[in-house]
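> One predicted model, sequence on top.
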Amino acid sequence: MEDYARGLDMLRLASRAFAVVASGIGYPIANTSIPTAQVSVNLNSKKIEFEVNPHFIHKMKDSEIASVIAHETYHVLLGHLGEMADIDTFPKREILIDAQECIINDGLPGNVGFATPAGTFKGIERHNQDFSIFSTQEGYDFILQKQEEEEDSKDDDKNEDGEKSDSSQGSGSGSGSPSDEKDDSEGGSGSSEKDDSDKGEDEDDTDGGAGDENDDDADGDHDAACGGPQVTGDDLEDMSPEDIADAIKKVLGKAVDEAVQELNDQKVDATPELEEMIDNLKDAGVAVNNTPNYGNPQAKDTFEVIDALSGVNLNWVELLKAINPDLKTSGRPKYRDAWHAPRRKMLHSYPQVVLPTRKRLDDPNEKKGDSLPTFIIALDMSGSIPTSLLKDLASLAQSIPTNKIKAFPITWSDNYRIFDVNQPNVICGRGGTRIGTVQDYADRVAKEEGVDPYVLVITDGGFYMPSNMDRAKVSSKWYWMAIQPGDVRMIANVTRDYATPERIFNMKDYL
């Protein structure tokens, strides 16, 4: 994550707007099973993931990591994820990946100021053509036509070689004739001298001499090339291409929507290029909301009235003990032994029996010792939460033990709404998943109550931690609960710099 962060910082220096979009669209996941990096849309978690081999970027310069992040971001913004599912338009996957890679890499220096490392696909080197001016369709057709022309040329050469061989045998000339040797030495496939020369160059490259990266690139060994966009999910084999395309659009729309929201939230103006790409995604049928209503407590949504008897009931006592064992004694005055005077009720036995008095540690007039721990219960109601769970989550807020904690329940997505037990069917407006809105409310409660609250975030993990989060406060005061067992890993990935595994709970364990 430190390596990824320094690349993102460098990208932020080049283009703050692009860096905001890059960090908002997807989140990094370490994956040592891939050689370099790739962007994937996970249809199970409904997230876009930037998978990176940590060993690949560890030795990179900041600018090189920035180019990797920008590269994967462009795969999303240019609609390459959806193109992977369009097998009718792009039946040859290897040509599609080649075109997509060249389009991005040829355009990166002019778009964000960084060139991709040696060993990546570049149109000028591979095809003697600048692909930055191409659409995917144009790049695909260019490579396809080039391959067909090369195959036709090879067929012609084979036919010509066959005719020469027949002619030679017909004239009675042997295979060792001077004319044949001359043809071989000038580039024929049978030249032993050229074979030895090529072999020697390959061996030099393998030894790792100076300029290995450039040599590898020239020889066609693209060891730094991206793996191309990927689509993952348990049910892919049972899904039609149309269903996969629709699922990708939904995930893509949500991710881009959150990135646009982050731009608005940070008051960063998108560049004309970014605006154009987002408009193109909208034209492609991706649902993108350009005017979200951030941090608006009045934004709301409704669903059917909750049946409290059928809702989720959490074992709050056990959960609070797991969060902090000291919380179970909260609300009781705290004392210590004092020897400044004998106990009044024991004066009759003094000095034979001497017992300490008890001194209260807090000021009872201010009633600080009697105050309950302040807790924000933040219920994720974003668009990724199944509608079937909304009732259960809302009824969970009704079960908070007010005699154990001073609770401040909210529902949140890209805005928050204070939960009203008298209107349990009214929640925040369902949209993206902006964790910053929970921090906004925590800051508000801290100001009003005069104490930093504990925060329990109940979520599916479909968010990212923005750079302006208060790391120290989140690490010491925040806890996380996965709505479903599979969400634990998602939360652990996105909060790895903010939460230890002990701070992440599985709701199933506390029902």
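Looks like it came in fine. Worth saying up front: this structure is predicted, and the values here are computed from it rather than measured.

> Count the neighbours of Asp497 for me.
Residues within reach of Asp497, counting by other C-beta atoms under 10 Å, total 13. For every residue, glycine as well, the C-beta is placed using N, CA and C.

> Could you give the number of residues near the residue nearest to it when sequence neighbours are not counted?
Spatial nearest neighbour of Asp497, chain neighbours left out: Met1 (5.9 Å); criterion: C-beta to C-beta, 6 or more residues apart in numbering. The criterion is other C-beta under 10 Å. On that basis, Met1 has 13 neighbouring residues.

> Met1: what's it in contact with?
Counting by C-beta atoms under 8 Å, 6 or more residues apart in numbering, Met1 makes contact with Pro28, Arg496, Asp497.

> Let's see that with 10 Å instead.
Met1 makes contact with Leu8, Pro28, Ala30, Val52, Pro54, Asn493, Arg496, Asp497, according to C-beta atoms under 10 Å, 6 or more residues apart in numbering.

> Check it and give its pLDDT.
Model confidence at Met1, given as pLDDT, is 82.

> separation between it and Met465?
10 Å (C-beta to C-beta, to the nearest Å).

> returning to that earlier point: can I get the buried part of the contacts of Met1 as one ChimeraX selection?
To isolate the buried ones among the contacts of Met1 in ChimeraX, judged by 16 or more other C-beta atoms under 10 Å, type:
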select :8,28,52,493
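
> now the contacts of Met1 in CSV, with secondary structure?
As requested, the contacts of Met1 are arranged in CSV below (DSSP: H, G, I helix; E, B strand; the rest coil):
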residue, secondary structure
Leu8, helix
Pro28, strand
Ala30, strand
Val52, strand
Pro54, helix
Asn493, helix
Arg496, coil
Asp497, coil
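
> Let me know whether Ile87 touches Leu96 as I believe.
Yes. With contact defined as C-beta atoms under 10 Å, Ile87 and Leu96 form a contacting pair (9.4 Å).

> of the two, who's got more company?
Summary of the neighbour comparison: Ile87 and Leu96, criterion other C-beta under 10 Å, with Leu96 having more neighbours (25 against 14).

> in what helix or strand does that one lie?
Take DSSP states H and E as the rule and Leu96 turns out to sit in helix 93-111.

> Ile427 too?
Taking DSSP H and E as the definition, one finds Ile427 inside strand 426-428.

> For the helix holding Leu96, list the C-alpha coordinates in CSV.
The C-alpha coordinates for helix 93-111 follow below in CSV (Å, rounded to 0.1, in the frame of the first residue of the first chain):
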residue,chain,number,x,y,z
ARG,A,93,-9.6,-11.4,-27.5
GLU,A,94,-5.8,-11.2,-28.0
ILE,A,95,-6.3,-8.5,-30.7
LEU,A,96,-8.7,-6.6,-28.5
ILE,A,97,-6.2,-6.6,-25.6
ASP,A,98,-3.4,-5.5,-27.9
ALA,A,99,-5.5,-2.6,-29.2
GLN,A,100,-6.7,-1.5,-25.8
GLU,A,101,-3.1,-1.6,-24.4
CYS,A,102,-1.6,0.4,-27.2
ILE,A,103,-4.4,3.0,-27.1
ILE,A,104,-3.8,3.7,-23.4
ASN,A,105,0.0,3.5,-23.4
ASP,A,106,0.4,5.7,-26.5
GLY,A,107,-1.8,8.4,-25.0
LEU,A,108,-0.5,8.4,-21.4
PRO,A,109,2.5,10.8,-21.9
GLY,A,110,0.2,13.4,-23.4
ASN,A,111,-2.7,12.8,-21.1
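
> buried sites along it?
Neighbour-count burial for helix 93-111, counted by 16+ other C-beta under 10 Å, picks out 95-108, 111.
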